[in-house]
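Novice: show me how the following folds:
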Amino acid sequence: MAGLIVKDSNNSSNSEPKIYLGTSAFTAAGWQGAFYPPEIKSKDYLSYYAQHFDTVEVNSTLYGCPSPRTVENWAAKTPDSFIFSIKTPRSIMPRPEELAQKFDPIIADWTYIRWLGDRKGIELQTLTWDKIIVDRTAQLTSWVDFCYQIKRRGITVYGYANNHYAGHGPATIRQFRDLWRKKGFPPLPEPAPTPKPLTPILAPPKKQPSLFD
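Specialist: The predicted structure follows:
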């Protein structure tokens, strides 16, 4: 289960339905150099990520609630329209047997998709998530068609690619976007630019009086 933190108050259910694409977490072993430029420091990962994706699934909240300072730091490093998808802490998640056996998969004006893959199988091949090693083109093409039909129903889609799906979450999202464009579907939302922090304007130093003043 997950919740959504939408920083932009203009993202309402009355607006045009969209498809938001991101990854599960914004860093992993192998991303330095494959996605993040080698010279970028870890404290700048989220700002760089937000220049390429408009949402991220936060995994750490599964194990506990983040501090207010952490959340404020996330907000400061991303544009106002950026969306954080927060995993519900395990301590309050219902067990599978508590959920209904049959239900409508879409019961709201938005739906949530996670491309997970075979975790155990792919970890036998790699533990470094820097490139695609499993060809998911056929499956991803079906997902493109599915998301298009869901969007036509007026449903907003939040989709997140896990590294275990094909080997590299950012590359999976790029492939989804490429397949979407090749089908000639309406353009997907592009990430908003991250605003640069304002440079403080310093007052000129006061002139020290001299002996001749």
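
Novice: SS state for the spatially most central residue of the chain?
Specialist: With distances taken as C-alpha atoms, centre = their mean, the residue of the chain nearest its centroid is residue 56 (1.8 Å). Following DSSP: H, G, I helix; E, B strand; the rest coil, residue 56 is assigned to strand.

Novice: now do the contacts for it.
Specialist: With contacts defined as C-beta atoms under 8 Å, 6 or more residues apart in numbering, residue 56 is in contact with 22, 23, 25, 26, 46, 49, 82, 83, 84, 85, 160. Quick note: C-beta positions are derived from backbone N, CA and C, even for glycine.

Novice: mind doing that once more with 7 Å?
Specialist: 22, 23, 26, 49, 84, 85 (C-beta atoms under 7 Å, 6 or more residues apart in numbering).

Novice: and those residues, which two are furthest apart?
Specialist: 49 and 85 (13.4 Å; C-beta to C-beta).

Novice: Provide a list of residues in contact with residue 188.
Specialist: Counting by C-beta under 7 Å, 6+ apart, residue 188 has contacts 19, 21, 177, 180.

Novice: distance-wise, check it relative to residue 83.
Specialist: Counting by C-beta to C-beta, to the nearest Å, the gap from residue 188 to residue 83 is 14 Å.

Novice: just residue 21 next, same as before
Specialist: 11 Å.

Novice: which of these two has more neighbours?
Specialist: Each of residue 21 and residue 83 has its neighbours counted (other C-beta atoms under 10 Å); residue 21 has more, 24 against 19.

Novice: tell me the strands beside the helix or strand harbouring the more buried one, with direction?
Specialist: Element membership of residue 21 [criterion: DSSP states H and E] is strand 19-23. Its sheet considered, strand 19-23 pairs with strand 156-161 (parallel) by DSSP bridges.

Novice: list the contacts of the partner strand.
Specialist: With C-beta under 7 Å, 6+ apart as the criterion, strand 156-161 contacts 4, 17-24, 55, 57, 85, 109-115, 147, 150-151, 169, 172-173.
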